[in-house]
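K.L.:
compute the structure for the input listed below.
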Amino acid sequence: MDYYELATLKRHRSWQAFIDYRQTQGSPRLVLLTTHATHTHTEFSFRPDDMLLFGSESSGVPPYVRETADASVKIPMQSGARSLNLVQAASMIVGEALRQTNQFPR
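P.N.:
Coordinates of the predicted model:
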């Protein structure tokens, strides 16, 4: 989309490179969206400097990534329902985080 140029993207060569980068940023809290979480995204208190992490739609994230996360949240789903696709889930989580931290653009 034409909004791409408004985004700031940083690609890391490896998970360890990301961890090293995170430390240079003061180690902001890493919040993982996962079906393994016990708290929903609306029960969770987001902070303005949180880093949000989303895994693969089909397989999530590897255990070593899950273990690195400082917190995890899930989107409540009806029992037996398949998960939302990644774009829908990310939109819901980012929207809630922006709402809670009053960071919606004005």
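K.L.:
contact partners of stretch 27-34?
P.N.:
Counting by Cβ atoms under 8 Å, 6 or more residues apart in numbering, stretch 27-34 makes contact with 22, 41, 44, 46-47, 49-55, 60-61, 65-66, 68-75, 89-90, 93, all of which sit outside it. All C-beta atoms are positioned from the backbone trio N, CA, C, and that covers glycine.
K.L.:
quick one: buried residues of it?
P.N.:
Of the residues in stretch 27-34, those with enough neighbours to count as buried (16 or more other Cβ atoms under 10 Å) are 30-34.
K.L.:
using CSV, please lay out those together with pLDDT, secondary structure and distance to residue 18.
P.N.:
CSV is the format used below for those (pLDDT from 0 to 100; DSSP: H, G, I helix; E, B strand; the rest coil; distance: Cβ to Cβ, whole Å):
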residue, pLDDT, secondary structure, distance to residue 18
30, 97, strand, 9
31, 97, strand, 14
32, 96, strand, 13
33, 94, strand, 16
34, 90, coil, 17
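K.L.:
for residue 102, state which of those residues is nearest.
P.N.:
Minimum separation from residue 102 among the buried residues of stretch 27-34 (Cβ to Cβ) is found for residue 31, which lies at 17.4 Å.
K.L.:
measure stretch 31-45 end to end?
P.N.:
Taking Cα to Cα, to the nearest Å, the span from the opening residue of stretch 31-45 to its closing residue is 11 Å.
K.L.:
then stretch 98-106?
P.N.:
The first-to-last residue distance of stretch 98-106 comes to 12 Å (Cα to Cα).
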